[in-house]
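J.: Next one to model:
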Amino acid sequence: MKRLLKTFLLTLLLVSFLQAGENFSEMSTQELIAIMGYVKPHEKVKFHKELESRLPSMSADEKNKYKQNLQK
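T.: Take a look at the predicted model:
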């Protein structure tokens with residue numbers, strides 16, 4: 001019984017580590033713009049989706065910074 005419980009807990013811990021990653025939705029738009037180019041390759045799709053979803057609500061200054069960082 002103890003062995004089964006240990007196996008279950010270790011499996012649960014492993015799954016939680018595998019699903020852990022950056023939660024870009026909790027970051028401000030300014031923070032997202034600032035970390036452009038520093039996002040891990042396996043998280044780039046999620047990162048770009050979050051930025052694209054915020055594009056319509058960005059201020060003119062944020063859009064300018066976003067466009068500048070895209071060119072880099």
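J.: any idea how far V45 is from E62?
T.: 21 Å (CB to CB, to the nearest Å). For every residue, glycine as well, the C-beta is placed using N, CA and C.
J.: What of T29?
T.: The spacing between T29 and V45, counted by CB to CB, is 18 Å.
J.: More neighbours: which of these two?
T.: Between T29 and V45, counted using other CB atoms under 10 Å, the more crowded position is T29 (18 against 10).
J.: contacting residues for that one?
T.: 54, 57-58, 62 (CB atoms under 8 Å, 6 or more residues apart in numbering).
J.: does L55 really touch Y66, like I thought?
T.: Yes - counting by CB atoms under 8 Å, L55 touches Y66, with 7.5 Å between them.
J.: Next, the buried residues of the one helix or strand E31 maps to.
T.: Here E31 is covered by helix 29-34, with elements defined by DSSP states H and E. Neighbour-count burial for helix 29-34, counted by 16 or more other CB atoms under 10 Å, picks out 29, 32-33.
J.: More neighbours: which of L55 and Y66?
T.: Y66 (17 against 11).
J.: Which residue, neighbours along the chain excluded, lies closest to the more buried one?
T.: Counting by CB to CB, 6 or more residues apart in numbering, Y66 lies nearest to I33, which is 5.4 Å off, once chain neighbours are set aside.
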